[in-house]
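J.: Attaching a predicted model along with its sequence, questions to come.
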Amino acid sequence: QLRGVMPRDALVHETASDVQIAPDGRQLVYVRQNVDSLRDKRLRTLWTVNADGSAHRQLLPGSNETAPRWSPDGTQLVFRSDREGGAQLWTMQVASGALKRLTSVARGPLGAAWSPDGKQIAFTSLVPEPALSIAQQIAPPAGATWAPPARAFDKLIYRFDGAGELERGWSQLFVVDVASGTTRQLTKGAYHVGGGNGRGSGVPSWSPDGKTILISANRRPDYEIESTDTEVMAVDVVSGDVRALTTRFGPDNRPMMSPDGQWIAFTGYDDRRLGYQNHELYVMRADGSARRSLTASYDRSVGSPVWAPDSRGLYVELNNEGETQVGYVPLAGGVPRTIARHLGNGQTAYEGSGYSVSRAGRVAFVTSRGNHPGGVATAAIGDSSPKVLAGMNAVLLANARMGEVEMFWTPSSHDGWRVQSWLIKPPGFDASKKYPILLEIHGGPFLGYGDRFDLEKQALAGAGYLVLYVNPRGSTSYGEKFANGIHHDYPNFDRLDLESAVDAVIAKGIVDTTRLYVAGGSGGGVLTAWITSYTHRYRAAVVEYPVINWTSWLWTADTPRGTTTWFPGAPWDHEAQYAKRSPLSRVQFVKTPTMVLTGELDYRTPMSESEQWYSALRFRGVEAVLVKVPGEPHGIRESPSHWLQKMAYVQGWLDGHGGRQP
Ligand SMILES: CSCC[C@H](NC=O)C(=O)N[C@@H](CO)C(=O)O
């Protein structure tokens, strides 16, 4: 008799990511993540499997190795490893297994990309700048042990969730010669190659003649404020000269030149200052002329473009109605043709995954479904379903039975808009019985859930709850109108989309209506707090790492998001609107016993937001607890034991409020 999933299964949970298929399609390499429960760490190791599913094995004995990339002739791999201390690029000869450390740069290299002849690799790396010098440094007396020194910051974005306090410096483009290891820094500007905060976004890509490297970057002086306004740039490999090929206001990302050298593809949009806009796929001539969108007629975002070898079209990743797919767009443009379905990271129901393509067009990716953690899979044009080559989670699957997942659509009580939901039923579900139900709300808010494996949700189903998750207005994968249903109006009527889904499950006659619960993280924490200020039907709530007061959040979070997209301007010009959309302005209506749960190193939705909700609830006499998780950034998944505790605390709070009955 198998049991349901339990929080402690976090310790045996395994995931795959960054699946790379060899150019000839015969072999795949991927990053496998599992848990070292003694050191309370996640291990990331390189694994390989043949395209027919045979010879599935660990490739190297490292414990923190990521980002493998095949050389164009398939004889070598480059990857990132910290096997000798700080992260560097290493190569491996596939036939012999011979390893070589390739780089010795000051800070961990990112985005490694082979030149077309396989002789060089481009990458980005942070070039540190001296720390701010304000006060004269006074040396401690000999033998003294002083407290850590003061730190000074002068950037708007001086810390970042998950990365901590940011070192001063700029992310620059480098090229390393594979035979000798000789490394050259190509760019020198005071901007981050790859855009963003310089820690991971943007992948350089080579022209087929090896003379140019395409990057995206934001060279605006106000890049921290207009942070998404990146441009496509061409870097001359010999001189390092940088030439901007786009100028429009809006993101221009992921440039890639067609194999025939005629076109540059990239993704982005003309920024209209909306909460959500589709990322479109564009092509332009190599000099930046004749730019056109290939997906203007397709009301979905597309990303991660990869050229087909014949230069006649591109593969893209997209999300449609809660499902992540790989599609193919011909150079003439249009709606992508579906190549691979059901991409999922095997860890959460959120969208986003990644894929790679062989020369012959076989697509490699990670797949999962709500009731199965899945594994590494491939698909090609014409396949009806993905072929899973390498499963994982043998221990989990041998011990735990998953809850089955039902998808349904409901009209919103607000205006009849169709809202998509998924319901996980406890293992052994019996439709003649009545169950407690948890409404679990996603964050973003411009993100989406789907039929993807989610250990946290399965653990709650394993504890006997119906787990309902919904894509309310604001969610992605339904087009711009649906996502902008919360434009300058978040949170508000999205609450009614969620409530309509709960009502639809109640109407099925399977819910114990005295045992309704609500929980959510980040934007889902916003909506959980919001909902409990309108209704008292939930017996208990868990508000995880929320925003409670939009004004305080803006100036304490890692980046001041949304002043011109989620709101019509800065708080000093729109004070009433910031207050009206803040759960704090409605705390006087809350009666629901609430647990507030946040990581102490959450720079995305800092602890001070949770403290405001907790203190205001307690001040008003509402039953509430505040749970602080040490050292954890947004999401509380960094340490396996903390992830386990997050699940156990959520479950403990719900169980303690009638969720579990003897
Ligand atoms: C409105 S919640 C706070 C920010 C949000 N976190 C979780 O929902 C967030 O980081 N959102 C991402 C993804 O949409 C963003 O880029 O804004």
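T.: Structure's in. What do you need?
J.: Which residue ranges of the stretch 201-350 of the chain form strands?
T.: 205-206, 212-217, 231-236, 242-244, 252-257, 263-268, 280-285, 292-293, 302-307, 313-320, 323-330, 337-343 (DSSP state E, counting those that start in this stretch).
J.: number of nearby residues for A507?
T.: 10 (other C-beta atoms under 10 Å). All C-beta spots, glycine's among them, are computed from the backbone N, C-alpha and C.
J.: any idea how far it is from E404?
T.: 19 Å (C-beta to C-beta, to the nearest Å).
J.: Let me have the strands of the stretch 201-350 of the chain in CSV, adding distance to D154 as columns.
T.: Output for the strands of the stretch 201-350 of the chain, formatted as CSV (distance: least, C-beta to C-beta, whole Å):
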stretch, distance to D154
strand 205-206, 33
strand 212-217, 21
strand 231-236, 25
strand 242-244, 25
strand 252-257, 27
strand 263-268, 30
strand 280-285, 36
strand 292-293, 39
strand 302-307, 33
strand 313-320, 37
strand 323-330, 40
strand 337-343, 41
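J.: Tell me the residues on the chain that lie near the ligand, please.
T.: G443, G444, P445, F446, L447, S522, G523, V526, V547, R561, R604, T605 (C-beta under 6 Å from any ligand atom).
J.: A379: which of those residues is nearest?
T.: Closest approach between the residues of the chain next to the ligand and A379, by C-beta to C-beta: L447, at 24.3 Å.
J.: Isn't that closest one up against S475?
T.: Yes - in this structure L447 lies within contact range of S475 using C-beta atoms under 8 Å: 7.0 Å.
J.: Give me the more crowded residue out of these two.
T.: Neighbour tally, L447 and S475, criterion other C-beta under 10 Å: the higher count belongs to S475, 28 against 21.
J.: List the contacts of that one.
T.: H442, G444, P445, F446, L447, G448, Y449, F482, A483 (C-beta atoms under 8 Å, 6 or more residues apart in numbering).
J.: can I get those in JSON lines with secondary structure?
T.: Shown next, in JSON lines, are those (DSSP: H, G, I helix; E, B strand; the rest coil):
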{"residue": "H442", "secondary structure": "coil"}
{"residue": "G444", "secondary structure": "coil"}
{"residue": "P445", "secondary structure": "coil"}
{"residue": "F446", "secondary structure": "coil"}
{"residue": "L447", "secondary structure": "coil"}
{"residue": "G448", "secondary structure": "coil"}
{"residue": "Y449", "secondary structure": "strand"}
{"residue": "F482", "secondary structure": "helix"}
{"residue": "A483", "secondary structure": "helix"}
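J.: With respect to Y328, which of those residues is nearest?
T.: G448 (22.0 Å).
J.: Near the closest one, how many other residues are there?
T.: Neighbour tally, G448, other C-beta under 10 Å: 25.
J.: State the distance from it to R57.
T.: 35 Å.
J.: low-confidence ranges in the chain?
T.: 195-201, 384-386, 662 (pLDDT under 70).
J.: Hmm, T338 is touching E323, no?
T.: No - judged on C-beta under 8 Å, T338 makes no contact with E323 at a distance of 9.5 Å.
J.: So between those two, which is more surrounded?
T.: E323 (19 against 16).
J.: mind checking how far the closest residue to the more buried one other than its chain neighbours is from Q58?
T.: The shortest distance from E323 to any non-neighbouring residue, by C-beta to C-beta, 6 or more residues apart in numbering, is to G450 (5.6 Å). To Q58, G450 is 30 Å away according to C-beta to C-beta.
J.: what do you get for K41?
T.: From K41 to Q58 the distance is 17 Å (C-beta to C-beta).
J.: When these two are compared, which one has more neighbours?
T.: Neighbours were counted for K41 and for Q58 using other C-beta under 10 Å; K41 has more, 15 against 11.
J.: now that one: how far from D82?
T.: Applying C-beta to C-beta to K41 and D82 gives a distance of 12 Å.
J.: Ok, G25 next?
T.: From G25 to D82 the distance is 30 Å (C-beta to C-beta).
J.: swap in D222?
T.: 35 Å.
J.: Compare the two (neighbour count), which wins?
T.: D82 (16 against 10).
J.: and that one, what does it touch?
T.: D82 touches N64, Q88, G108, counting by C-beta under 8 Å, 6+ apart.
J.: try G62
T.: T45, L46, S81, R83.
J.: which residues are contacting the helix or strand that contains L496?
T.: L496 is part of helix 494-507 when elements are defined by DSSP states H and E. For helix 494-507, the external contacting residues (C-beta under 8 Å, 6+ apart) are 408, 410-414, 417, 419, 421, 423, 437, 439, 441, 445, 466, 468, 470, 472-474, 485-486, 511, 513, 516, 527, 530-531, 534-535.
J.: Ignoring the adjacent residues along the chain, who's closest to V405?
T.: G370 (3.4 Å).
J.: I meant G428, not that one.
T.: R401 (7.6 Å).
J.: One more: W263?
T.: That would be V283: by C-beta to C-beta, 6+ apart, it lies 4.6 Å from W263.
J.: about what we covered before: the residue nearest to V405: neighbouring residues, count only.
T.: For G370, using other C-beta under 10 Å, the count is 26.
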